[in-house]
Every structure is written in structure tokens, then in C-alpha cells.
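Student: what follows is a predicted structure for the sequence shown.
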2 protein chains.
Amino acid sequence: MSNVKKVVQCVPNFSEGRDLDKVERIINPFRGKEGVKLLDYSTDFDHNRAVVTVVGEPEAVKHAVIEAMRIAIEEIDMTKHEGQHPRMGAIDVVPFIPIKNMTMEEAVELAKEVGKEAWEKYNLPIFLYEKAASNPERENLATVRKGQFEGMAEKVKAPEWAPDFGNGEIHPTAGITAVGARMPLVAFNVNLDSPTLEIANKIAKNVRHLSGGLRYCKGIGIELKERGIVQVSMNMTDYTKTALYRAFELIKIEARRYGVNVIGSEIIGLLPMEALIDTAVYYLGVEDFSMDQVLEYRMME
Amino acid sequence: MSNVKKVVQCVPNFSEGRDLDKVERIINPFRGKEGVKLLDYSTDFDHNRAVVTVVGEPEAVKHAVIEAMRIAIEEIDMTKHEGQHPRMGAIDVVPFIPIKNMTMEEAVELAKEVGKEAWEKYNLPIFLYEKAASNPERENLATVRKGQFEGMAEKVKAPEWAPDFGNGEIHPTAGITAVGARMPLVAFNVNLDSPTLEIANKIAKNVRHLSGGLRYCKGIGIELKERGIVQVSMNMTDYTKTALYRAFELIKIEARRYGVNVIGSEIIGLLPMEALIDTAVYYLGVEDFSMDQVLEYRMME
């Protein structure tokens, strides 16, 4: 059977994590639609945020996202929003991730179409970010979002922060949205048998790209207070180039310096099967392995 | 979206590996059918055998298999068949493997339906084997097939080897077929940096179930002459209970006795993604991992 259907993933983040009825209404366009599959969503009260994962055919996903954005604009008033997570809009960020038979360029194109349509239909201004960014300054979401909702009305007046779609103003209640394209992220945390945050931070610095480590790895130290241990908390930003096992083995090596051991790890949320299959193939030393040998099904619970 | 569609895998083995036009005609019923997907097929000249892997909805797969059996009976004359692989029929063996939303009992039921229909429609006698076996003596395919095509006419006359569907005779040109249900097999070979077959055989004996090793592991030593090394060649008969990493680590441990090292491995043919994901989760020490976190897609080549 032919296999040329394009598949894109989209992980929109909405600034509502407390009123679950509102969240249900916002994600409703992702349910029961031909060509769109709602894979997962989670809400966090403290963050006051919902993170949604959908996959499907690019056109179908685009239409569903545009519709969910319309509902989020109606339901969420950012002038009343509070939460721990940084945010600048009712729809805070909309990343598109090419999954199958699709190039990054096509995902960038899709991001631009969504940004343009959201501006033209809803008067919602848009920053393009990551691979869709119009200049390197806008690649990093944290830089784009700096100032958050409260500072955005001022920020967008500066010529260097003029929205990619929009005029000199933000949407009065929905703020502004970052739309972009990127590789799938893997949230991978490695636990150490030490209570000392400083050690986790030092190891994170050695492993992450920013301070001299692996190209597609972001990381910080985190305390797990109830367990009395610390953790190197990472975002693997391109597992096809920086493998999970490489970060894991490097952390083991760095930990030796401090007489500390790696005692386990966590994978938060979803990840592509390949990220783990690649790791298994490494540890078993499998020669000449091809992803075509993998049957995509599950029997285990 | 609901996910209750049952999926079964079937790996019929046909006794034709030389005339590829014949093979094409035999596997034709697996192509372009609603509810049936031809995943893979391979032929081997020396074995004179074709191994086909299909998945799909149980009813659709059943009808396609019955149709392929009809064509194989027309195309293959076992009185003229020669090849290195043991075989007793034109359709030598038809295992059903429950993949999704399906119990082993349902796969056994499907095997019995196929066996009954093949006998009633084509006069092809059937042994039920593995999980579908009518007694423990018939579980092991090698035991069932002993005597091969040439000895089968005699064998089936003994009351203890009366076919599960059939009378006291084999099909004159198509012989007899084993139909059964089983777990997916993983063909997993581990390479050693030694030219000594005896060492691979000794390790295989310690790792395999038959002689005191792991419950769901079969194994023998093999020489890879061109490379000047030996290999422990295994069939993992239930990876959900005997994990790949367990056999791999055990071989490493046994190899130490002989001052020999594990230098790599091979996975032959297809395997379920879970078998490797479970291995990655072990080596990374991932806590609280769930298969529901896995996105079944591929970006790597």
C-alpha cells in the first residue's frame, strides 16, 4: 500500500489550566475530525495552562487549530490570567512538527499559513519562531516571549519586535501568539543519588549545548525534595542528532567527578518510538539495523 | 477516536523460493485488500521457501490467507520440491499472532477456523500447533513436522498423528499444513570475538530454555565463516516475558568464562517496537514508563 500521506504534529499551548470546561471547549475541534487525531492533552493548575498534542494531515490539522484558536480567543481573557508558566497570549504557542513524508520547510510553510490566517480572521498578532523565525533573534521562544503578556503591548511597538503578522498592537484580551516549526522534543530527566542541587547544575552545564555540551540538549538542575535527590532535567531538541543514550552516558561520566551515581531517569510526556529504539540498538550493539524492521504495535500493558 | 479494532498478524510460509512469478501469484491475495496489509515477504533459493508477513483485521486476513492457500495448492507440487529447510506441505506453516485488542484465545480460534476451512474446501489436512495444539505433543512445530513431506503419508496413519482436520491421508501434491497461534518471535543473534564454534554452542546452551536458561529463549551456536567469528543465534519466543536485554547481558556474563567478548548483535527480519523500547527503558533506567508515552512514527532513515 502506498504511504505518501503527509503527517504533521501540532502541540498548541493554551493559557487555561483551571476551568476544565473551557479547556474541553477549546480542544473540541480536535475531536472526531477526519484526518485529525487528538493524541494527548494535559492541564496544570499552577501553570494555568493546557498542552495539547494532535497529529494528522496538514490541511486538516491546520483547520482544526485555526478553529481551536478562535474558541480560545473567546474563552480566555489574558488581562485576568495568572499562572507560574511564562505566557504572552491566550494561545501562547503553536509549534508544528513534521512527522512523516514531510520536510521541515513544509512545516514552516504551514506555520506561516496559520499565522497569516489567525491575523486576518481574528486580529491576533503572530510571531513566527524556531525554524519559521524571520530572523535569528526570533528563533528562541524564551526571547520572543520575554516581557510576557503584561509587557507585550509595549514590546511590539519597537520596530525590531514588530509581529510577523499584525500591526503595532496586541489583541486586547488574547495578547499575541508564537507560531513555528520545530523538531519533536523529548523531555528527559536523569536522577542522581545526591541531595545537592549544585552538583546537578554543574552536570547540566557540562551536558547542555549552551555551555559547551551536546548540540541538541538543553538542561538545568532540579531538586526532587520529597525524595531528597537532585535531577538533571533536559529537553532533547533533536533526538535524531543528539541521541538520548549519549546524554545519559555523558551524565554518568560527569557524575563520577562528584562521587555521585545515576540512579534512574524519567521521560515526561510523549516521545517518538525512534528515540528509544535508537537507544536500544546502541546498547545491544545491533549491526545493520533499519527502522523498516520495526512493527509499530504494542502488546505490553 | 476509538481504538477497538482487532489486529492479527499472520506469517504463512510457502514451499516456493525459486520461481518468483509463482510466489507473486501466491501472495497476490494479500495486496490491495481492505483490512489486510502485506508488511514483508522474503524468498530463499537454498531453502526454496517464501516467508510472508501480513497484518490486519482477523476476518479480512483469514479470507486472504485461505485464498493464498488455494493458489499455493495449485502452484506447488511437493512431490518435486527440494530445499534445505524442513517442510511438509505446499503451505508449510500458518501461524497467527495476536497484535492488538485481541487475546491469544481469539488467535487460536482463528487458526482453527482457517484449518477447518482449508480441509473442507481443499481437502488439505491440518495439524494445529503451538497455542492451538490439541495436545502438548503437537505444540512444537519441529516435532509435528518430523518426517517431512516424504514421511507424512505414513506418519498420519498412526492414531497419535491423525490430523486435527483431515482423514488418514495427506494431500497428494500439497502434503499437510500446520496452522497455529503464537506470540511474535524475535530472531536475535549475538556476535562473539572468537572463531570457536564450541564456545558459541556452550553459551547458547546456558542461555536457552531447553538446557537450563531463560524461559522464552531458543538458541544455537553458528559460525560466521567469512568474518572468522561465531554467534549465539536465538529465537526469543515471548519478548514480553524474556526481554532481549536479559539474554544479551547473560551472554556477556557467560562469555567471560572463555575470555571472549560480545562485539555486536543482529536482529533478523521484523520485530515489535516494544521489544526494543523495553530494552531502552531498561538501559536508561526510566522510572514509571508507560507504552502510552510512545508516538508510533519515524523520522530517521
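Tutor: On my side now, so go ahead. Keep in mind the model is a prediction, meaning the values are calculated, not measured.
Student: pretty sure A:D292 is in a helix, no?
Tutor: Yes. When DSSP: H, G, I helix; E, B strand; the rest coil is applied, A:D292 is found to be in a helix.
Student: quick one: name the residues of the stretch 101-250 of chain A near chain B.
Tutor: Within reach of chain B by Cβ under 8 Å from any Cβ of the partner chain, the stretch 101-250 of chain A has these residues: A:183-184, A:191, A:240, A:244-245, A:248. C-betas here are computed from N, CA, C, even on glycine.
Student: in helices, which of those appear?
Tutor: Judged by DSSP state H, helices contain the following of these: A:244-245, A:248.
Student: who wins for neighbours among those residues?
Tutor: A:L244 (26 neighbours; other Cβ atoms under 10 Å in any protein chain shown).
Student: for the nearest residue to that one once chain neighbours are set aside, give me its contacts.
Tutor: Distances taken as Cβ to Cβ, 6 or more residues apart in numbering or on different chains place A:T279 nearest to A:L244, at 5.1 Å, with adjacent residues excluded. With contacts defined as Cβ atoms under 8 Å, 6 or more residues apart in numbering or on different chains, A:T279 is in contact with A:243-245, B:280, B:283-284.
Student: and A:D77, backbone torsions?
Tutor: A:D77 adopts backbone torsions of phi -110, psi 100, taken as degrees, to the nearest 10.
Student: what's the answer for A:F165, then?
Tutor: Dihedral angles for A:F165 - degrees, to the nearest 10 - are phi -130, psi 130.
Student: helix or strand for the residue nearest to A:L244, which one?
Tutor: helix A:273-284 (DSSP states H and E).
Student: export that helix to CSV, keeping only CA atoms.
Tutor: This file holds the C-alpha atoms of helix A:273-284, laid out as CSV (Å, rounded to 0.1, in the frame of the first residue of the first chain):
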residue,chain,number,x,y,z
MET,A,273,9.4,5.5,19.3
GLU,A,274,12.6,6.1,17.3
ALA,A,275,14.2,7.9,20.2
LEU,A,276,14.1,4.8,22.3
ILE,A,277,14.7,2.3,19.5
ASP,A,278,17.9,4.1,18.6
THR,A,279,18.9,3.8,22.3
ALA,A,280,18.2,0.0,22.4
VAL,A,281,20.1,-0.5,19.1
TYR,A,282,23.1,1.3,20.7
TYR,A,283,23.1,-0.7,23.9
LEU,A,284,22.6,-4.1,22.2
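Student: and that helix with helix B:273-284, angle?
Tutor: 60 degrees (axes from the mean of the first three to the mean of the last three Cα atoms, to 10 degrees).
Student: neighbours around the residue in the stretch 1-150 of chain A positioned nearest to chain B, how many?
Tutor: For the stretch 1-150 of chain A and chain B, the shortest gap (Cβ to the nearest Cβ) falls at A:I99, measuring 4.9 Å. Using other Cβ under 10 Å, A:I99 is surrounded by 19 other residues.
Student: hang on, it packs against A:Q9?
Tutor: Yes. Contact criterion Cβ atoms under 8 Å: A:I99 and A:Q9 qualify, at 5.1 Å.
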